[in-house]
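In: Below are the sequence and a predicted model for it; my questions follow.
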Amino acid sequence: MKKKIITLMAIGLATVLGAQAALICDLDATVPDSVVTVGGVATDWIDQSGNGNNAGDLNRIGDPVFPSTSLSASGLAGVDMLSTRTGYRLFSATEQDSLLDFSGAASGNSGLAVLVAVKVDGLTGAARDSVFGNHGNAATAASFGLRYEGGQPKVFIGGTVYSKSGTPIVAGDTIVMAFNYNKATGAFELWDSKNASSLTGNKTAANFSSTQDLYLGTTANGGQYMNGSIGEVLVYDEVLDATTFSNKCVELADKWTVATGIQTPSGLSAVGVDSAVVLDWLDDGTGFVDFYTIYRGIASGANNYVALSNVTESAFVDTDVVNGFSYYYALTATDTNGFETGFSGEVPAAPITVLTNLVLYQHLDATVGGSVTTDGLGEVSAWADQSGNGNDASAGPGDPVLYPSSSLSAEGLAGMDVRTTRATLALFAAADVAQIMDFTGAAAANGGFAVLVAFKADNILTNLERDIVIGNASSISSGFMMRYDQGVMQAYLGGTPIVKGALTNVEAGDTIVYAFKYTASTGEMVFWDSKNDDESTATTAIAGNFKTLDDLRLAGSNNSGQYMDGMIGEVQIYTSVLSDTEFQNRRTALATKWGTALANGYSVWETQWDVSLGSETDDYDSDGLNNLVEYAMGGNPTNGTVAPAYMPTSSLVDMGSSNVLEYVYTRRDPVPNGLAYDLNLTPGLFFPKWTNTGFIVVGEADGDSGFKVVTNQTPVDVDSKFIKLVIEQN
């Protein structure tokens, strides 16, 4: 699970896109000092559009209260219209002509739009629950209004009432109602946030302006009002284009109806494993997320997504897959009000083909029930092979191995206790090792081999040449061996060493996975450990013979002074060359299962500065960039006068018929374990809705050694846009 989200370089983009719909009234209770109160009574509500259409200038009905004690789902206060008739006269009969009389004063307008954010404290009954409207009789031709009568969103216009179906609005809901009308075609749209859907209809343009005043929170009819508070009102004297209307609906819904803290999911990763894809993403951590929805496509792009499953945890395993076939994943979060966020960033993955038993030569797993044979004292006599090849392990030289171990892995799993004295298990007799490691003879057709071991070190032995995990030699000059001699991780094959003396050592209490593979055609040997997440390589004999006169053993060698103190949980031996993907997937799965924490690149990087930098979020050199940003951007965390080498840049690029904003950042290559780079965009910084969609990666190029340059583009298609680079470290 991931944490420590650091943002870097938010860049604003403002463009003029031509004529915009005229906002004639903007009432927003969150704007400081916009609601004028006297003794708690909201006597006036100041219009933020600049047109002076204040609520309360004409008069008010009753005594609206501000701030409301009943808060929106996002924790915001509005103007409380109370439980009895209370409201504002917003437009007089004459004033509303320029908004609603399409046969007269409003004939030059393209239409109208009204959006209102409401907290519903109760339902008031038939023909009530009026939010915005003029005439008390909805059947009157010269009339217009919005209400949620009986819990159903409704619009009355030109003498007709249009009722929207769907999940009813109930007391306690925070909702946004939005109406958009096109005078030229008569087409209209009524949207509500509870159902996140629209009712569409058609009403020929006419005079919808009433001889009665237009009210907020009530109508001219004394029996028509609402019980709740109003947080925001937007009135336009033009029709909004589809994109603008949708954006405004989402903007108000995000601001008022989304439970505090919910965000579009980020940090999504997908790894193809045996006949499945494993998904993981950043925890929400706010307590307001109800569930996540996994979307999957067989091609890239949101238009190809199909909802796969709803889950409550921030992880998912997709087993309904075809091996070798690529899938594209994204997800959304839905809050406790039923609001669903936009899509996360898309990630591709392909499940891999399960290896055959001819390749998986031996598999010992202490978590498989009944696989360990013990006597009444817990002393192990046999450990059954799960590969199907019958290559069971048996008791080796020294004291008996015990099962189950009292010392558990980091994930709480028990294994084989190899004790504090010499206690070993025999895997293969010397002659049988030829099937695995003699590439001049019995193993010549195999192409290579791989060995993976999950173990726990209970203590580090002080004498040299101890702490043997697995091997078939007591000398490092021949054969095969993996150990952590005095904590230093080491692997040997045919006398060729890989010694990780410069990396973090094994310490008592560590749960570790070792993974080793050899390719006979090249002589390449690869040694990986989970603590450093480090893959070190060397070259030994091509198609060599690494069989010795010794048996292949766990936890020791034929030298009685060579052993380890700890627990061994699982062993996998392959008599084939594992691809890079297979090698990575199998070692990662083993590390995840046994609970060994994969080291992140940051923890290794911070050791090179010879000072205590503190945590990732600390700023050691006080230059305004924390340590994690310095690491991710190639900076020097000890020198505050020098900026990191690879800070993001941006520029406008002329594409001929349009412009795009190009955003370029540099990342480490390969991206170390635990580190992630992502872009987030939002249309505004007031109640921002950051999402990691709306841009494309147009290219990646090699940068300086260890870094890659990533070029991204986002279209200039809205009035404003802000972009930031997000760096995550788990």
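Out: Yes, it's here.
In: Tell me where the stretch 451-600 of the chain has strands.
Out: 468-471, 480-485, 488-493, 496-499, 511-519, 524-529, 534-539, 552-554, 565-574 (DSSP state E, counting those that start in this stretch).
In: so which helix or strand takes in residue 277?
Out: In this assignment (DSSP states H and E), residue 277 forms part of strand 276-280.
In: packing partners for the helix or strand just after that strand?
Out: On the C-terminal side of strand 276-280, the closest following helix or strand by DSSP H and E is strand 289-297. In terms of contacts (3 or more CB pairs under 8 Å, 6 or more residues apart in numbering; DSSP states H and E), strand 289-297 is packed against strand 306-311, strand 315-318, strand 327-335. (C-beta placed from N, C-alpha, C; glycine too.)
In: Out of these, indicate the one that is most buried.
Out: strand 327-335 (a mean of 22; mean count of other CB atoms under 10 Å).
In: Alpha carbons of that strand, in PDB - could you do that?
Out: What follows is strand 327-335, C-alpha atoms only, in PDB (Å, rounded to 0.1, in the frame of the first residue of the first chain):
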ATOM      1  CA  TYR A 327      -5.600  -6.200 -20.900                       C
ATOM      2  CA  TYR A 328      -6.000  -2.500 -20.000                       C
ATOM      3  CA  TYR A 329      -7.200  -1.500 -16.600                       C
ATOM      4  CA  ALA A 330      -8.500   1.600 -14.800                       C
ATOM      5  CA  LEU A 331     -10.600   2.200 -11.800                       C
ATOM      6  CA  THR A 332     -13.000   4.700 -10.100                       C
ATOM      7  CA  ALA A 333     -14.000   5.300  -6.500                       C
ATOM      8  CA  THR A 334     -17.600   5.700  -5.400                       C
ATOM      9  CA  ASP A 335     -18.300   7.600  -2.200                       C
END
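In: And the average pLDDT for it is what?
Out: The average pLDDT within strand 327-335 is 90.
In: do the same with stretch 700-710
Out: Averaging pLDDT along stretch 700-710 yields 85.
In: Could you do stretch 275-282 as well?
Out: Stretch 275-282 shows a mean pLDDT of 87.
In: Tell me which residues of it come out buried.
Out: Going by neighbour count (16 or more other CB atoms under 10 Å), the buried part of stretch 275-282 is 276, 277, 278, 279, 280, 281, 282.
In: What residues are bridge-paired with the fourth one?
Out: It refers to residue 279. residue 270, residue 316 (DSSP bridges).
In: how near is it to residue 294?
Out: 7 Å (CB to CB, to the nearest Å).
In: Find residues that contact each of the two.
Out: Taking CB atoms under 8 Å, 6 or more residues apart in numbering as the criterion, residue 279 and residue 294 both touch 316, 318, 329, 331.
In: quick one: which of the residues you listed is nearest to residue 505?
Out: Nearest to residue 505 among these is residue 316, at 35.7 Å by CB to CB.
In: just to revisit the earlier point, can you say which of the helices and strands packed on strand 289-297 is nearest to residue 254?
Out: strand 327-335 (10.3 Å).
In: for whichever helix or strand comes after the closest one, packing partners?
Out: Counting by DSSP H and E, the next helix or strand C-terminal to strand 327-335 is strand 347-349. Packed against strand 347-349, as judged by 3+ CB pairs under 8 Å, 6+ apart, are the following elements: strand 269-273, strand 327-335.
In: Out of these, flag the one nearest residue 75.
Out: Nearest to residue 75 among the helices and strands packed on strand 347-349 is strand 327-335 (12.7 Å), distances taken as CB to CB.
In: by how many degrees do that closest one and strand 276-280 diverge?
Out: With axes from the mean of the first three to the mean of the last three CA atoms, to 10 degrees as the basis, strand 327-335 and strand 276-280 are set at 40 degrees to each other.
In: Output the contacting helices and strands for strand 327-335.
Out: strand 276-280, strand 289-297, strand 347-349.
In: try 7 Å
Out: On a contact count with 3 or more CB pairs under 7 Å, 6 or more residues apart in numbering; DSSP states H and E, strand 327-335 meets strand 289-297, strand 347-349.
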